[in-house]
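Chemist: how would this look folded up:
(one chain, ligands or ions: 1)
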Amino acid sequence: MEHTVTALPAERRPGRPFDPPAELIDARRHGPISRYVFPDGHRGWLVTGYDLVRAVLADPRFSSRKEFMIHHPFIDYSGMEAPPASPGEFILMDDPQHSRYRKPLMGKFTVRRMRLLTERIEQITAEHLDAMEKAGPPADLVTAFAKPIPAIVICELLGVPYEDRGSFQEHIDSFLNGETDEETLITAYTATQDYLAELVAAKRADPTDDVLSDLTDSDLTDEELRGMSLILLAAGLDTTANMLALGTFALLRNPGQLAALRADPALTDRAVEELLRYLSVAKMFMRTALEDVELGGRTIEAGTTVVLSNHTANRDPERFTDPHVLDLRREEGGHVAFGHGVHQCLGQQLARVEMRVAFPALVGRFPTLRLAVPAEEVALRPEIADIFGVRSLPVTWDA
Ligand code: HEM
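Modeler: Numbering: from 1, shown residues only. Just a heads-up that it's a prediction; the model follows:
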């Protein structure tokens with residue numbers, strides 16, 4: 001019998017901040033694909049199984065185009081316009097438009113290039129740990145550590161002056177934190193666009209040694225460059241920051257795993273992959289079928305919206321042993337925390353280097369690091385946020 005999900009959960013279960021909401025785990029138990037009726041009545045699908053999530057992400061018959069994203073699990077778009085993505089906002093486009101923007105960026109985010117940044121990332125990390133140590137406990141790990149490190153790194157890489165962050169950082173946070181009303185969103189989007197338009201003009205007039213300046217030496221228009229910078233900046237600011245804060249929270253809740261990481265820094269690379277799998281901060285994506293597609297024994301009709309749960313895919317018991325256990329020594333790779341297919345995360349090597357530096361540096365510097373409040377009091381982002389995380393993470397240590 002077909003399993004039908006009629007409402008996606010508002011929040012995670014109390015005491016289980018790292019696990020997918022119960023309704024999603026239950027849907028996976030019924031099979032890798034369920035019927036899903038959106039709040040506006042649209043009869044779509046919810047894919048929770050690993051193999052099927054990957055199959056959809058790899059299939060060009062499923063579109064990422066913004067103008068098709070008119071049904072949403074948490075937002076009722078009925079009666080609203082559905083314009084296509086603005087020029088350059090390639091995460092919401094299909095090929096060939098998507099690859100027009102992605103191609104010139106690919107060489108700039110390679111493993112080799114990102115590894116060259118290691119020393120600088122170590123330096124930025126050490127500076128923030130020094131500042132935490134100097135100020136003494138307690139600290140909010142989000143503002144003292146998790147947010148500024150990836151922000152400085154992406155700003156330097158793109159050529160966005162970090163001292164201008166007042167013009168974009170909180171605005172971008174408001175796009176992704178799931179707590180912003182429509183009016184504020186529009187104001188934040190406009191202000192960020194205005195700032196980036198000025199920046200692109202400045203780079204064109206006076207190119208410096210950075211990714212945005214390099215991109216001005218191409219046939220991309222100012223409007224396209226503005227859209228690309230927005231996607232890069234938003235992705236670079238919010239994702240790794242949430243991984244660092246939520247990852248630290250998860251380590252503090254799993255003291256045996258934390259001790260293993262402290263004792264054996266050689267575990268770091270595997271630990272980062274496991275935290276990515278376990279936490280899946282980019283937890284859910286949507287695609288629209290461009291034609292009828294057979295998937296998992298069902299026919300997905302053209303025009304139907306499919307919700308993909310990356311988080312349950314990464315917790316699929318048919319793919320991962322004891323999927324709900326955080327095991328930093330896990331050898332099973334292949335998680336979909338960075339997605340899969342043509343839109344697979346462009347910044348994944350950067351995110352990996354950042355996390356491989358930051359986690360061991362933090363736990364090494366503060367051997368007595370612990371939560372400064374009971375775990376239940378750590379404020380989580382609401383489930384409707386595009387990127388999951390904590391709003392703040394009060395920590396303390398023996399000074
Ligand atoms: C741990 C941190 C990160 C996670 C979990 C993450 C996750 C993801 C996922 C799941 C996608 C696929 C979206 C889709 O299929 O629709 C994606 C795309 C993307 N990510 Fe990341 N990301 C991270 C860090 C970064 C960083 C640091 C950058 C910096 C440049 C970045 C840039 C991008 C871009 C540009 C795309 C769009 C790629 C495309 O559409 O071709 N990400 N990311």
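
Chemist: residues in the stretch 1-150 of the chain within reach of the ligand, list them.
Modeler: Proximity of the stretch 1-150 of the chain to the ligand, by CB under 6 Å from any ligand atom, involves residues Ser64, Phe90, Ile91, Arg102. For glycine as for every other residue, the C-beta is placed from the backbone atoms N, C-alpha and C.

Chemist: any idea which helix or strand carries the residue lying closest to Thr110 once chain neighbours are set aside?
Modeler: Excluding the flanking residues, the one nearest Thr110 by CB to CB, 6 or more residues apart in numbering is Gln349, at 6.7 Å. Assigned by DSSP states H and E, Gln349 belongs to helix 348-365.

Chemist: just to revisit the earlier point, can you tell me which of the residues of the stretch 1-150 of the chain next to the ligand is nearest Asp238?
Modeler: The nearest member of these to Asp238, counting by CB to CB, is Ile91 at 13.0 Å.

Chemist: From Gln349, how far off is the closest residue to the closest one other than its chain neighbours?
Modeler: Distances taken as CB to CB, 6+ apart place Ile231 nearest to Ile91, at 5.5 Å, with adjacent residues excluded. Distance, Ile231 to Gln349, using CB to CB, to the nearest Å: 17 Å.

Chemist: Would you double-check that Arg287 falls in a strand?
Modeler: Yes - counting by DSSP: H, G, I helix; E, B strand; the rest coil, Arg287 is located in a strand.

Chemist: List the contacts of it.
Modeler: Contacts for Arg287 (CB atoms under 8 Å, 6 or more residues apart in numbering) come out as Val56, Leu57, Phe62, Ser63, Ser64, Thr305, Val306, Leu308.

Chemist: ok, what's across the strand from the nearest residue to Ala55 once chain neighbours are set aside?
Modeler: Excluding its sequence neighbours, the residue lying closest to Ala55 (CB to CB, 6+ apart) is Leu295, at 6.7 Å. Per DSSP bridges, the residues bridged to Leu295 are Arg298.

Chemist: Tell me, how many residues neighbour Leu295?
Modeler: By the measure other CB atoms under 10 Å, the count of residues near Leu295 is 19.

Chemist: Name the residue of the stretch 251-399 of the chain with the shortest distance to the ligand.
Modeler: Gly347 (2.1 Å; CB to the nearest ligand atom).

Chemist: wait, what's in contact with that residue?
Modeler: Phe109, Ile154, Leu232, Ala235, Gly236, Thr239.

Chemist: what pLDDT does it get?
Modeler: As predicted, Gly347 sits at a pLDDT of 97.

Chemist: now swap in Leu308 and tell me
Modeler: Per-residue pLDDT puts Leu308 at 98.

Chemist: which secondary structure elements does the helix or strand containing it contact?
Modeler: Leu308 belongs to strand 305-309 when elements are defined using DSSP H and E. Counting contacts by 3 or more CB pairs under 8 Å, 6 or more residues apart in numbering; DSSP states H and E, strand 305-309 is packed against helix 22-30, strand 43-47, helix 50-57, strand 284-289.

Chemist: Specify the stretch among those that is closest to Arg277.
Modeler: That would be helix 50-57 among the helices and strands packed on strand 305-309, by CB to CB, at 10.6 Å.

Chemist: same question for the helix or strand just after that closest one, mean pLDDT?
Modeler: Toward the C-terminus, helix 50-57 is succeeded by strand 62-63 as the next helix or strand (DSSP H and E). Average pLDDT, strand 62-63: 98.
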